[in-house]
Each structure stands twice: as structure tokens, then as C-alpha cells.
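>>> Sharing a model prediction with you, sequence too.
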Amino acid sequence: MSDDSSALDRHAARAFQRVYKRLEELLELAGRHAELPEHTRRTSLQTDKPGNLRKINDAAGDVVEALEVARVTERRTRYREVEAALQTLRTQLDEYRRAQATAPDSSVIKSLLATTRGAYQKKIATAQRRVDALQTERGQIVEEIVTELRAIGLKVGPEQVKFFLVSVTGENLLDLGATFHNARQIIAQLAALNRAAGEDPVTCRRYYGLYMVMVRVLVCAYDRFLSDIDTDYLPALGEIEARNRAARAATEALLQQTANTTPETRRTLEGNLRAQELTERAAVLYLTSVREQRERLARSREHLEQRYAVVENTWRTASVAADLVTLMAASGEELGTLQEMELPELLPFENAEVQQRIAEMTRRIRDKT
């Protein structure tokens, strides 16, 4: 096993230590749920099913947050830091080049009090070297993320990882991948403990119950992702599209009203219109991609919900310890199949400009949310 795979297993082991107690609490909540009343009076101290379900979801959410941590998460953070540094450097380079165009030559006396063209050229060269270094690091991070994701069972390439990193849903997808990997590792540990318990029905039932609540946690992970799409991403993208559409309409109206204005004004408006048309194409492409992802996630979540219902029913009814051991041992492959269903199709970027527009929209949404 490679060092990276060992590191990932250590992440899962630490996650197991963090969540074990919470999983036992979840099992207790799930175990009593069927016997609770549908509703109770507000003044009653007894918990009803809606109240218990809220506790289950809160506990499951805590487990999801613990399971999202993996080395790929750390590399994703570094990727965003590199992207931010590159954006700052690009802005500086643009400022240096504009200033250089009007800077005095070194032979001019007043250059003693101002930055010369030669000095700006040195600034440009230094900034460009930093850009080149950061671009190299960015490429290395992408390759490392590809390796990490393949190690946890996700069949991805560099282009798909780049899409994850510029898409607003990309972080959720990477978190979901880490959650699935750590969950599968934990379930494997529970299965091993279950086998070691032999024919002890009480112990086998307990470990199978912990497996059951792990499946519930994965359902919760889907719910969090779908909630982010419904409450944050789709509304934000729709707002961006609507504002751009209004701006485009205003630009078109100005072009019709300014037939007799200067060529320079007309060129400015035409440039604005081209930029707005590009943003519109990118926004439509982006919205379509996120909606399709949502549909796939909803289907997978439904599949997992059905799996949970079967597991819960088995946990409540199975009396033979050997049956529970066998059923639990087969869980890893099924979760792996579900995990592979989450990968979205690559966005068909027309060109680098469309990709840049999508990256800009992603930054705006992240800043807002």
C-alpha cells in the first residue's frame, strides 16, 4: 500500500475515534423511534417522533462533518489559496504593465523621483516568476487530488478534478467522496468486530445497528448536499443569470438609441454586449450542470434511503447472528457502487473564457454563502 493510501486510512481511523460515541447515541435514538408517539402535546415532557427525528438528524450531521475530513480536503484548501494568490498577481501584473506604458525612461532626470520603465520591467519579471511557480504548484495539487480520489475508489482524471475545483458543487462532491471513503472504512472495522464476536447475538446485533446508523449518516450527507443546491446554489445562479439578462437588455437598448453617437461609445457598448452574451452562455451551462447533478444525487439518495429501510427492518427482525455478519460483510461493495454514481459529467467548456466566467460565478456564490 502506498503512503497516500496509508494516510487516508489514518484519516478514517481518526474519524472512527471521533464518531464512535456519536454513532452509539444515534443507535439509541433509532432504536426507540418506532415506539414513540406520532405527536405529543407541547406541554408534554415525552419525546415524539418528529422531535426524535430532529435529534437523529442533528447527530447524523455531526458525524457527517467528522467524516468529511480527508487529505484531499486539505489539498483543496491549498488549491483555493493558490488560486487567490494567482488572481492577486494577475491584477498586479496588469497594473505594472499599465504603469510601465507611461513611466519615464531611465535616462530622464525626473526618473529619480518616479519608478522607471526598467524598474517596472523587473517588477513584472518577478511577479511572472511567482505566477509560473504557483501554476506549477496548482498542477501538482490537481495530480495529488486525482491520486487521492482514485485511492478512495473515485475514477477521475485531471480535467474532472479541475471541474470540481471551479464548480460551486465541487467542494460538496469532494466532501461526499471523503465521507463515503471514511464510512466504508468504518463499516469495514465494524464488520471485522462483528466477525470477531462470533455467534454472540447481542454483540452482533449492536454492531449491525452501528452499521445501520452509518447508512443513515450517508443519507444525511446527501440531504445536506441537496439542501445546499436548493437553498444556495440554484437561487444564486438564477439571480446571476437574471441580472446579466437585464444588463444585456439595457445594453441592446442603448445600442439602438445611440446610432448617431461616436464610434468609441458604440465599440464600448458592443464590447459590453459580447461580455454579457458570454456570461449568459456560461450561466445557462452552469445551471444545466447543477440541475443534472441534483437529479443524479436525488436518485442516489432515494436508493440509499431504500437501503436504510431494508437494513433497519433486518436489524429489528433478524435473530440469527450469522445472518447479520453476512449481510454486513456485503455492505462495502454496495456503498462503493453508490459512490461511483455521484460523479457529474464534465462541463463542455467552449473555451477558456467560458471556464473563467464559471470560476468567477463560483467565487461570487461562495462569497455570498
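Yep, that arrived.
>>> and A247, what is it in contact with?
Counting by CB atoms under 8 Å, 6 or more residues apart in numbering, A247 touches N272, Q276. In short, each C-beta sits where N, CA and C put it, glycine included.
>>> which phi and psi does it have?
For A247, the backbone dihedrals are phi -60, psi -40 (criterion: degrees, to the nearest 10).
>>> Cross-check the contact I'm expecting between L134 and T88.
No - L134 is beyond contact range of T88, at 10.1 Å (criterion: CB atoms under 8 Å).
>>> So between those two, which is more surrounded?
When neighbours are counted by other CB atoms under 10 Å, L134 and T88 differ, and L134 comes out ahead with 16 against 12.
>>> tell me which element that one falls in.
Taking DSSP states H and E as the criterion, L134 maps to helix 117-151.
>>> Remind me what the very next helix or strand once past that helix packs against, helices and strands.
Using DSSP H and E, the next helix or strand after helix 117-151 towards the C-terminus is helix 158-166. Counting contacts by 3 or more CB pairs under 8 Å, 6 or more residues apart in numbering; DSSP states H and E, helix 158-166 packs against helix 71-102, helix 117-151, helix 170-196, helix 352-368.
>>> Can you pull the phi/psi pair for E38?
Dihedral angles for E38 - degrees, to the nearest 10 - are phi -60, psi -40.
>>> V168 too?
As for V168, its main-chain torsions (degrees, to the nearest 10) stand at phi -70, psi -30.
>>> what's near enough to touch it?
V168 neighbours (CB under 8 Å, 6+ apart): Y233, A236, L237, Y286, V290, M361, T362, I365, R366.
>>> Report pLDDT for it.
Here, the pLDDT recorded for V168 equals 82.
>>> R291 too?
91.
>>> Please give the number of neighbouring residues around it.
Applying other CB under 10 Å, I find that R291 has 13 neighbouring residues.
>>> same thing with the one 3 residues further on?
Using other CB under 10 Å, R294 has 18 neighbouring residues.
>>> Grab the nearest non-local neighbour of it.
I229 (5.0 Å; CB to CB, 6 or more residues apart in numbering).
>>> State the distance from Q121 to A127.
Remark: distance between Q121 and A127 (CB to CB, to the nearest Å) = 11 Å.
>>> ok, now E305?
E305 sits 52 Å away from A127, taking CB to CB as the criterion.
>>> Of the two, which one has the most company?
Legend: neighbour count by other CB under 10 Å for E305 and A127, higher for A127 (18 against 15).
>>> Could you pull up the residues touching that one?
L89, Q92, L93, Y96.
>>> Show the model's pLDDT score for it.
Model confidence at A127, given as pLDDT, is 94.
>>> Show me what the one helix or strand Y286 maps to is packed against.
Element membership of Y286 [criterion: DSSP H and E] is helix 263-317. Judged by 3+ CB pairs under 8 Å, 6+ apart, the packing partners of helix 263-317 are helix 201-228, helix 234-257, helix 321-329, helix 331-340, helix 352-368.
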